[in-house]
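**Student:** Give me a model of this one.
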Amino acid sequence: MLENSSQLHSNYNEQGYFVIRNYFSDSEISSLRKIILKFHTLWKQDNAKFYQEEAFNSSLITGSEYLAFDDRLDLFNFISSKKIMAVVESVMLATPAFMNTQLFFNPVNRQQKDFWHRDCQYDYDVEDQKKVIKDTQVVHFRIPLFDELGMELVPGTHKRWDNDEEFNVRQEEKGRVSSENLSTGKKINLAAGDLLVFSADMIHRGLYGLDRLALDMLIFDSAGNYVDYVDDDCLPDILMLDKIDDPRLFINTLHLKSKS
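**Tutor:** Take a look at the predicted model:
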């Protein structure tokens, strides 16, 4: 199942990410891909203009809008499977809770370029970003459904602030643009079956190209103030909870929402 859990925890603490190669079997990826492609096909139809002009990701894949009960149940069981939970618990020693799912793909608009960012920059000004990266973090668990170019990350930036080059590129200051290369960036190629775990608030960018279609599960520490980001519709209802083999991730979120 999972070897060297303590080593994974150490790698995440020091670098802000790690990769487990070939973690999922061909049949596991094939089953997951079938469900995700159902969602993606319907989402593209519903969001045709946005998809053609600027989209590079979607979210709320576990919601009820595009997937039927059985597909949602299969997806919830995958997200909370023993394989996933083993990795979640190796990274997050406190109580982990489910936040959302996202799907990343190539933009149709070829003028769009991949760009450096920290997830927190979309919710906080610069001074608050400096505080957020030192607090409880949200973690991405990324599963590529096809072989892809992968991600580029700046190791260690889940715990440290940007240097001058990183800040000017990421924030597009002093004539720099966010799609420029960074001298501190590290490219991580990904293949179907791999699992990439990384901090949402480290400096990173997805790399466009090939058949990019990657499912991200976002998990947060219950001590963090993130429950307001959770959409009710992307959580299982009581009937579905009873059919999930290990519903802890979702129960933790529902518990937090009941208190908020």
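**Student:** ranges for the strands of the stretch 151-260 of the chain?
**Tutor:** 186-190, 195-199, 204-206, 213-221 (DSSP state E, counting those that start in this stretch).
**Student:** Turn these into JSON lines, columns for mean neighbour count, distance to residue 11 and mean pLDDT.
**Tutor:** The way it works is simple: take the backbone N, C-alpha and C, and place the C-beta from them, glycine included. Listed next are these as JSON lines, based on neighbours: other C-beta atoms under 10 Å; distance: least, C-beta to C-beta, whole Å; pLDDT from 0 to 100:
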{"stretch": "strand 186-190", "mean neighbour count": "16", "distance to residue 11": "13", "mean pLDDT": "98"}
{"stretch": "strand 195-199", "mean neighbour count": "22", "distance to residue 11": "9", "mean pLDDT": "97"}
{"stretch": "strand 204-206", "mean neighbour count": "23", "distance to residue 11": "16", "mean pLDDT": "97"}
{"stretch": "strand 213-221", "mean neighbour count": "23", "distance to residue 11": "17", "mean pLDDT": "96"}
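**Student:** for the ones you listed, which one sits closest to residue 180?
**Tutor:** The closest of the strands of the stretch 151-260 of the chain to residue 180 is strand 204-206. By C-beta to C-beta, the value is 10.5 Å.
**Student:** Show me what the closest one packs onto, helices and strands only.
**Tutor:** For strand 204-206, the elements it packs on are strand 148-153, judged by 3 or more C-beta pairs under 8 Å, 6 or more residues apart in numbering; DSSP states H and E.
**Student:** Quick one: residues in contact with the strand it packs on.
**Tutor:** 16-17, 114, 142, 144, 182, 185-191, 196, 198, 202-214 (C-beta atoms under 8 Å, 6 or more residues apart in numbering).
**Student:** Stretch 116-136 too?
**Tutor:** 94, 138, 154, 157-161, 166, 169-171, 178-180, 182, 185, 200-205, 220-221, 223-224, 226.
**Student:** On the three-state scheme, residue 139 is what?
**Tutor:** Using DSSP: H, G, I helix; E, B strand; the rest coil, the structure places residue 139 in strand.
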